[in-house]
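> fold the following.
(2 chains)
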Amino acid sequence: MTRIRAVRLRVYLMLALTVMLASCGGGAPSLYVLEKPKNVDMIVKMNHGDFWKTVKMGAEVAAKEYNVNLTFKAPQNESDIDEQVRLMEESIQSNADAIILSASDYMGLAQVTDRAAYYKIPVISMDSEVASARIKLFVGTNNYEAGQKAAKRLIDLIGPESRIGVMNFVKGAKNADEREEGFMDYVARYPGVEVVDIEYCESDEQLARQLTRNMMTKHPDINGIVALNEVASIGTAEEIQASGYGGKVKIITFDSTAKVMEMLQEGIVQATVVQNPFNNGYLAVQYAVQVMEGIELDDERIDTESRLIDLGNMLQSDNQKLLFPFVK
Amino acid sequence: MNIQPKRNMPKMPRVRESFRLQSIQTIITVSFTLMTILVVIVVSLMLYNKFSKTAEENAHLNIQQIIEQVNYHLELYVKGMQDIYEVVEGQINDTPDISSPLLREQLTTLLHTREDLVSVGLFTPAGKLVLDIPDLEMRKNTMLEEQSWFESARSQPQKLSFSAPHIQNLYKGQYKWVVSLSRMIQYKDHGTIKEGILLVDANFRTIDELSRKVSLGKRGYAYIIDDLGNLVYHPQQQLIYAGLKYENMEPVLKYAYGSYTDKPTGEPRYITIRTVEPIKWKVVGVAYPDEIVTTKKDLNQFIFWFLLVVCAAVVVLAIFVSAKISQPLRRLEKSVQSVGQGDFSTPIHVSGAHEVVQLSKRFNFMLHRIRQLMDQIIHEQEAKRKSELDVLQSQINPHFLYNTLNSVVRLAEKGKKEEIVATITSLSKFFRISLSKGKNIITLEEELEHVRHYLIIQQIRFKNKFHYAIECEEEALACLTLKLILQPIVENAIHHGIEKMSDEGFIRITASLQEKRLVIKIADNGLGMTRQIMDQLLTGSVRSGGSGVGVKNVNERIRLYYGKNFGLSFESELEEGTTVTITMPAERNEAELQERGMS
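Next comes the predicted model:
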């Protein structure tokens, strides 16, 4: 009997300690591990590319941690809005417990998102938003801020009297629009800086090269180009290198493919804005669990940090993991 | 024979007997159940403690073994790499000229044999490339002088340093995660001995895969840190860098070997630490006890259900067993109760436990004995009464004899010879019939004769104060009767009815057969008696003071011999007279008749 009392005492102590820790812990997200596994569908823009693979990796880590059955779905192409809508329908049909959506089109996915909400399936928006008031939460980079970071560095490089080209990816995608907006708003502070061209490459590398070529032909006096996503970055940088403008035209890119990193070391690309796709995936699943468990959310937006990477900081160990998420 | 039932049982509340607190069934059920449950709980607790402890220990041991295994593989791997490094260094040392194609060929072969070997490079202390295998174009902006492997080789020239995993950005092509081995070595360049930094890059994938494969429950994982506390491998490395996850590494850095339980976020985590000796990396296993010790949960459930089932079974069993024991007892009790109410004739048949059967057998035996004894007592009582009565009836009232003899003396004095003769003759006959060879039953004829002699004697004695008449049906004469039943009644009639009256008395005795009954009536015209006295006659409170054989005894004798339906009855009216009726069954003893006829 004394033993039992001792055990009980220990349990009480543990409980007390837990309560104390919990009250002192503050911001650290505590674990809401699901008793029974729940089905969460993650629908993203594209089924290839390091960026989405990293998102998936992060999501899988969280799924393991929180006891979630994760289904990862994506169309072949980022511009294939219809397919993404179809995938959403499919998830509604299969009655998923929650859907994490990275919408290819801000308006195009709105209706299907509302429908999911109608069927009481919580939808969490990740990476890029969708025009629906029924969204529970947005997890992703603060794209406006990321756009501003890019603009700031570019103007630092090329000076307050210069001409800039913008290579965007999909018109209508919320994150693309926000990055562009952030970039433009920052540039607007400098009356001497002129944005001479804005192109949309539809996340197509060849189209991006083509558009860059056209841009350089039309405006050979461009001092700097900003490319607003992974594919646009590769196309633009490669074209600039190929056409011999390397180093002369400063390039700020987005995301960190190996090609871009190579270009950074070569001095073609001066800096790149990297998001944290791993954390996006991870946090999206983590908050999906919270939503499913009915836990009150403090914020409607969860910003994951974006970083500006250049030669100087690319070898910092924390940045290495961010830039090269996969062990090769 | 009936004994009056004694209704003095205690009043019982109207509760079913089996549920009364004091009943055997309740006692057995409750105590049995409580005992078993207590024992089961104690045993379960002990087992639970033992099992859960063992399960926990096993789980911990298991985790320790897994981490040990990882550690062992890592050590092997690191030693293998160090050996390769020595080989590369040895080959470079043995070669007189660093630019010889033979050396390049040898090192390329070596590189091919080890799949996880990424590259070999030799740099001057200033960071200039001397030799690289495979032959790849260097990238610009490598900043190799700032990289950790270069710095540690320069600061600690003698020590083979083993870097944390990092991106290899030296050569064009892929960006690979590598672990770098580096040291300051000497090489010969066209005969001159120079110093350089030899770098061997090993693919980090081997370590990564090794660590990734570690599975400690569903959520558990392993991570690796170097001796400075930098993360070498962690499944959630990015989350930690981003500050979203926190790994409590402070205690980990303190220990080189061991296990402990840590609660950085409130949830207990079982931490196991092993150190990869050659490079001082630490392999740390993190497991969640509630996951790895699933046995505890299972055990909890199992014990809960086990208790429930056992309790249910025990209750059922206890009820069954107690019923089995107590029911025969209750039936026995009911039977005994009916005996208590006076029914001695029905034997008890109770089946059940051996003891109960034995008890009922013994009880039946006892009942039998009681019955026997009671019969015996009745028999003895009867016999006693009979013999008493026999004694009474055979008693010769000496007063009667004295009176008779006295009257004979008086007659003799007066010289009444005939009367003396008649008296003495009657007296003689009276006594002869009185004795009648000791027989109790005589014919009515003899009985009438007997009373006639008595009447003759009394008539002489009372100087013809009364007359009498004896009338008998012919058929009744041969009937059998108890002897000396008429004389006491006649004596009563004379003493109480006639003696004190002034007129002449008359006694009429009639005997007749009525429906197989012998009815004898003795009627007198004497004083009669009150109803009160008449009622008291048969209860014996009135003493006749006659011949000693009272009216009450006559009645009792008749009833004793012939049953309750027979006996005496009285009719009397004051100043009118009394009639006593005797009823007996009309029994004819043919043998006696014949005997009598013959004699």
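
> can you list the residues of chain B near chain A?
Contacts of chain B with chain A, taken as Cβ under 8 Å from any Cβ of the partner chain, map to B:45, B:49, B:139-143, B:146-147, B:164-167, B:169, B:172, B:174-177, B:204-205, B:208, B:218-219, B:230-231, B:235-239, B:241-242, B:244, B:246, B:263, B:265-268. C-beta: built from backbone N, CA, C; applies to glycine.

> for ChimeraX, what selects the buried ones among those?
For the buried members of the residues of chain B next to chain A, the matching ChimeraX selection, counting by 16 or more other Cβ atoms under 10 Å in any protein chain shown, is:
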select /B:139,142,147,164,165,166,167,169,175,176,177,204,205,208,219,231,235,236,237,238,239,241,242,244,265,266,267,268
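
> just the pLDDT for residue B:579.
Confidence at residue B:579, expressed as pLDDT, is 91.

> can I get the helix or strand containing it in PDB? Just the C-alpha atoms.
For residue B:579, the host element (DSSP states H and E) is strand B:577-585. Provided in PDB are the C-alpha atoms of strand B:577-585 (Å, rounded to 0.1, in the frame of the first residue of the first chain):
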ATOM      1  CA  GLY B 577     -85.800 -39.800  39.800                       C
ATOM      2  CA  THR B 578     -82.700 -40.500  37.800                       C
ATOM      3  CA  THR B 579     -82.200 -42.700  34.700                       C
ATOM      4  CA  VAL B 580     -78.600 -43.800  33.900                       C
ATOM      5  CA  THR B 581     -78.100 -45.100  30.400                       C
ATOM      6  CA  ILE B 582     -75.100 -47.300  29.600                       C
ATOM      7  CA  THR B 583     -74.300 -47.800  25.900                       C
ATOM      8  CA  MET B 584     -71.900 -50.400  24.700                       C
ATOM      9  CA  PRO B 585     -71.300 -52.200  21.500                       C
END
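
> what residues of it count as buried?
B:577-580, B:582-585.

> and which of the residues you listed is nearest to residue B:198?
Among the buried residues of strand B:577-585, residue B:585 lies closest to residue B:198 (Cβ to Cβ), at 149.5 Å.

> what are the bridge partners for that closest one, then?
residue B:517 (DSSP bridges).

> wait, it touches residue B:516, no?
Yes. Applying Cβ atoms under 8 Å, one finds residue B:585 in contact with residue B:516, separated by 6.8 Å.

> for the stretch 201-350 of chain B, which spans come out with low pLDDT?
B:293-296 (pLDDT under 70).

> outline the domain layout of chain B.
When chain B is parsed with automatic domain parsing, its domains come out as B:95-207, B:208-293, B:344-391, B:395-598.

> closest one to residue A:240 among the ones you listed?
domain B:95-207 (16.2 Å).

> OK, contacts around residue A:74?
A:43-47, A:52, A:84, A:87 (Cβ atoms under 8 Å, 6 or more residues apart in numbering or on different chains).

> can you list the residues you listed in CSV and add pLDDT and neighbour count?
Listed next are the contacts of residue A:74 as CSV, based on pLDDT from 0 to 100; neighbours: other Cβ atoms under 10 Å in any protein chain shown:
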residue, pLDDT, neighbour count
A:43, 95, 28
A:44, 93, 30
A:45, 90, 29
A:46, 88, 20
A:47, 86, 15
A:52, 90, 22
A:84, 93, 27
A:87, 95, 21
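
> and of those residues, the nearest to chain B?
Set against chain B, the nearest of the contacts of residue A:74 by Cβ to the nearest Cβ is residue A:52 (15.4 Å).

> check the burial of residue A:309 by counting its neighbours.
23 (other Cβ atoms under 10 Å in any protein chain shown).

> was I right to think it contacts residue A:270?
No. Distance between residue A:309 and residue A:270: 10.4 Å, which falls outside the contact criterion (Cβ under 8 Å).

> list residues touching both of these two?
Joint contacts of residue A:309 and residue A:270 (Cβ under 8 Å, 6+ apart) are residue A:264.

> please name the nearest non-neighbouring residue to residue B:561.
In this structure, residue B:561 finds its nearest non-sequential neighbour in residue B:482, 6.0 Å apart by Cβ to Cβ, 6 or more residues apart in numbering or on different chains.

> ok but residue B:118 is inside a helix, no?
No. Counting by DSSP: H, G, I helix; E, B strand; the rest coil, residue B:118 is located in no helix; its state is strand.
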